[in-house]
Each structure stands twice: as C-alpha cells, then as structure tokens.
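A.B. asks: how would this look folded up:
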Amino acid sequence: MRSPTVTVGLDGSRESLAAAGWAAGEAALRGAALRLVHVGEQRPSSFVPFAGNAVAPPGDDRSARMLREVRDRLAHRHPGLRIGADRLDGRTVAGLVAAAEESGLLVLGSRGLGLAAGFLFTSVASAVVARAGQPVILVSAAADGRPAVECGAGSARRRDVVLGLHVPHDAVLGFAFDAASRRSARLRVIHDGDTPPPDLVGVLRPWREKYPDVEVTDECVIGRPGTHLTDASRDASLVVVGRRTRHAALGLHIGPVTQAVLQYAVAPVAVIPHD
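C.D. replies: Okay, the predicted model is just below:
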C-alpha cells in the first residue's frame, strides 16, 4: 500500500514556491509526508532563500541549495511535518508524471494572473496534467496566500470546495468529498443543465452516507460550465474537476471545461483522471 505523500514540483519560481507552501498545508491536513522534487532538465528560476538575496538559477549545487532552503522554510512553518527533498534526473514532464505516480498526489505552480488575463498555463503543467494517472493540483502564487477561513461580522466561514460534475465517477466524487470533509467545508456541486448527470440524487447518495459531516449543495447551470466554475472559484478553497484518460484523435486531451477552469480559476484546481 502506498504511504501517504504529497509531492510538489519546484523550479524556484514564485509560483512553485507558492505551490510548495500550499502542498505543505495539504500534507499536514492529510497527515502525510511532503516531498519536494526538482527535475534535472528543468530550467529553474532564481529564488529567495529564508534570508538574504535572490540566488541565481541553480545548477546541480544550487539546485540542492534551493531544495534545502525551501525544506527548511516549510519545516519552520509546519513543525513536525515530514519533508523530503530530491533532485530527479531526466525529462521534466516524465519525471513529474513518475513522481505523481509514486506519491498519488502532485502539486504544481501555475502563473495565475487573475480573471482578467487567466493563467499563463505552461506547456509543462499542461503536459503533466494530460499524462498523469494520479490527481494533479495547480496552484497560483496568489492562491497560497488566501485564507481557508474567512472572518467577518464576528463569524468565521470556511471557503467551499467546488466540484464540477460532468461525468460522475467515483475517483472524482471521492476526492471532492474527502477534500471537503478534511476542511470542514461545504461541497458545492455544479453540473451542466444541458447534459445533467443521470439520477444525480442517486449518484451523490452513497457519498453523502459515507461523509455525513459534509454539507452538499447542488446547482444546475445553463451555458458554459467552465465559466460558472471559474466564477465559483473566486470564493472557493479548491475546485475539483475530472479528466478522461482516453486519448483524443490528436493525442492526449484535457477537455474544454477542465482547460477553461485551469486557465482562469482563482482557487487551486485539482484535476482527477478517470476512465
């Protein structure tokens, strides 16, 4: 049985550091270990260590220093969290896909620019999402600083977990319910009214029974579901979407709804592969 581990890909960029910070919180939430990886072929950015000036893009030695500095920073923020760091040889996409397979969950940074311009969705991130057989979570630099709990008017409110449900699948539903339960958050299910899942009440029933602590709302939307999910992401702690693992005519395919969410969502986005 695979030991619980959350893996994050690092290249020293602000986005990857934000992803590492978010992944550390997720590992702590899951009671899992955190693994920091840098793939040798990747061209890393300069990074700012715990204290001091920015360090130039690392070679072998600087790569090791980057991993060490980030590990120390996260250990300081999360006492007791088990953190490992590895430099991997080989091609970037293949290395990250393999890392996802080994751990079961991979977190990557994405250059989020907000709703006005969307993510600068890199070819590496796109290729990893399209090929990985395990969940991949994309985190923008802004997302790491967003509080999971909003406070106001003397009360606290946890941000929802949003599930975009197009094709009901146990892997996607299970991930979303588990994420909501761990966060003590409401699960907001959004599905397309043009092609509604068959017997949605029946689809959700076993998961409601398994996670009785999770409050669930169900919204049927008309129009482009990607737009509705993007709007919902502004007030969410996490957006969960599925991706079919079959090959498209021109190769691996993410799907239009998932692609739209990855381009424009504000919250971290979990992409769950399924048959």
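A.B. asks: which stretches of the stretch 151-275 of the chain aren't confidently modelled?
C.D. replies: 151-157, 193-198, 246-252 (pLDDT under 70).
A.B. asks: For the stretch 1-150 of the chain, which segments count as helices?
C.D. replies: In the stretch 1-150 of the chain, the segments counted as helices under DSSP state H, counting those that start in this stretch are 14-30, 60-77, 92-103, 123-131.
A.B. asks: can you tell me the helix or strand for the residue lying closest to residue 219 once chain neighbours are set aside?
C.D. replies: Nearest non-adjacent residue to residue 219, counting by C-beta to C-beta, 6 or more residues apart in numbering: residue 190, 4.9 Å away. Just so you know, the C-beta spots here come from the backbone N, C-alpha and C atoms, and that holds for glycine as well. Assigned by DSSP states H and E, residue 190 falls within strand 187-192.
A.B. asks: returning to what we had before: okay but the residue nearest to residue 219 is in contact with residue 223, surely?
C.D. replies: No: using C-beta atoms under 8 Å, residue 190 makes no contact with residue 223, being 11.5 Å away.
A.B. asks: which of these two has more neighbours?
C.D. replies: residue 190 (21 against 10; other C-beta atoms under 10 Å).
A.B. asks: Give the bridge partners for the more buried one, please.
C.D. replies: Taking DSSP bridges as the rule, residue 190 bridges to residue 164, residue 219.
A.B. asks: How much space separates it from residue 265?
C.D. replies: Residue 190 sits 12 Å away from residue 265, going by C-beta to C-beta, to the nearest Å.
A.B. asks: And for residue 257?
C.D. replies: Distance from residue 257 to residue 265, by C-beta to C-beta: 11 Å.
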